[in-house]
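Enquirer: got a predicted structure here, sequence first:
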Amino acid sequence: MFGTRLTTVCAAAAALLQPAQALFGRRRLTALQQSLQTLQRDAREFESNERVLLEQLRQMRLSTGDLRRRLRDDAAAHAEAEAAWQSKVAALEADVARLGE
């Protein structure tokens, strides 16, 4: 993604450093090379962090899907239990009404 593009740009800049030495001088080029190396290291670190974050996001999506499935299952089980209890309560109320007559 972004880090890959940055690495490509850094590699292209590194290839241009040697011909540029004749134009700018060694001292300026050394500073530029150090900056470029720092940028390349930062780009690699960024890519690594990006991969870690994408994996964490994938795991969170899996966990969220699992939690949603559990919630649906629990809600369905609760609805079944409630229906069973209501039927028992209705039966008991009918027995009480019949005994009260």
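Expert: Arrived safely, thanks for sending. Numbering: from 1, shown residues only.
Enquirer: can you name every helix or strand that the strand or helix carrying residue 46 contacts?
Expert: Residue 46 belongs to helix 26-100 when assigned by DSSP states H and E. Taking 3 or more CB pairs under 8 Å, 6 or more residues apart in numbering; DSSP states H and E as contact, the helices and strands that helix 26-100 lies on are helix 2-24. C-beta: built from backbone N, CA, C; applies to glycine.
Enquirer: and the helix it packs on, what's its mean pLDDT?
Expert: Across helix 2-24, the average pLDDT comes to 64.
Enquirer: for stretch 28-38, same thing?
Expert: For stretch 28-38, mean pLDDT rounds to 83.
Enquirer: quick check: buried residues in that stretch?
Expert: Going by neighbour count (16 or more other CB atoms under 10 Å), the buried part of stretch 28-38 is 29, 32-33, 36.
Enquirer: closest to residue 71 among these?
Expert: For the buried residues of stretch 28-38, the residue nearest residue 71 by CB to CB is residue 36; the value is 51.4 Å.
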